[in-house]
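sequence plus the predicted model coming up.
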Amino acid sequence: MHNDIKEVLISEEEIRNKCKELGKQLTKEYDGKFPLAIGVLKGAMPFMSDVLRYTEVHLEMDFMDVSSYGSEMRSSGEVKIVKDLDAKVEGRDLLIIEDIIDSGLTLSYLVDLFKYRKANSIKIVTLLDKPSGRTAAIKADLIGFEVPDEFVVGYGLDYIEKYRNLPYIGVLKPEIYGGVE
Ligand SMILES: O=P(O)(O)OC[C@H]1O[C@H](OP(=O)(O)OP(=O)(O)O)[C@H](O)[C@@H]1O
Ligand code: HPA
Ligand SMILES: [Mg+2]
């Protein structure tokens, strides 16, 4: 598995330190509140687990499974709900947790949906931001790292469902995806 990686962009230690830093910021942000932390499956799973363990406020966790990439390296543009939330969002302070914002289509779809469902507030924390990929106007409130215009894998991010269990963020060797995007 590690052999398929051309370059490690963000190490395991850098990710851990960033999760601690973001966890502290979230603790301040939600002091005295009871936010609903929403993990966007599947990619956000490792980041959600790590960042929330460094928060020191009461919060509720829920999950939404949406998918728009399938086996492609570019968004299909169509966001499909695979699993909806269990919790009601009306009147709640929402914290959406993402692994990456690329085109922004997934998050703009979710933000619109949660506004329609009458959330009291909506904030976004993302581990990675790839501004070069953006087609929808969306910005996170908290960002871990900015990544260049490359398809990244690891720590939740997949290429055809593989590499999510890598402990770091890396770039695949071109021969793994046939050298074309
Ligand atoms: O900003 P965007 O261009 O919408 O891309 C970001 C989204 O794409 C990936 O999810 P994907 O749809 O691949 O599902 P997955 O998390 O199950 O891999 C990623 O985890 C984000 O949720
Ligand atoms: O760079 C990426 N890697 C993996 N999944 C993704 N989903 C959006 N962008 C990416
Ligand atoms: Mg994916």
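That came through fine. Numbering: from 1, shown residues only. Ligands and ions are numbered 1, 2, ... in the order given.

wait, residue 150 touches residue 171, no?
Yes - judged on C-beta atoms under 8 Å, residue 150 makes contact with residue 171 at a distance of 5.0 Å. No exception for glycine: its C-beta is placed from N, CA and C like everyone else's.

and the helix or strand of the chain at the bottom of the mean pLDDT ranking, what other elements does it pack with?
Scoring the helices and strands of the chain by mean pLDDT, DSSP states H and E places strand 80-83 at the bottom, with a mean of 93. Packing contacts for strand 80-83, counted by 3 or more C-beta pairs under 8 Å, 6 or more residues apart in numbering; DSSP states H and E, involve strand 60-67.

so what touches the strand it packs on?
With contacts defined as C-beta atoms under 8 Å, 6 or more residues apart in numbering, strand 60-67 is touched by 34-42, 48, 52, 79-87, 106, 109-110.

which of these fall in strands?
Within those, residues falling in strands by DSSP state E are 36-41, 80-83.

got a quick ChimeraX command for the buried subset of the residues you listed?
Provided next is the ChimeraX selection string for whichever of those are buried by 16 or more other C-beta atoms under 10 Å:
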select :36,37,38,39,40,41
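
all helices for the protein, in order.
12-29, 45-52, 105-116 (DSSP state H).

so residue 34 makes contact with residue 91?
No - Residue 34 is beyond contact range of residue 91, at 11.0 Å (criterion: C-beta under 8 Å).

before we move on, the earlier item: mind putting the helices of the chain into CSV with distance to ligand 1 and mean pLDDT?
What follows is these, written out as CSV (distance: least, C-beta to the nearest ligand atom, whole Å; pLDDT from 0 to 100):
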stretch, distance to ligand 1, mean pLDDT
helix 12-29, 15, 98
helix 45-52, 8, 98
helix 105-116, 3, 96
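
great, nothing more from me.
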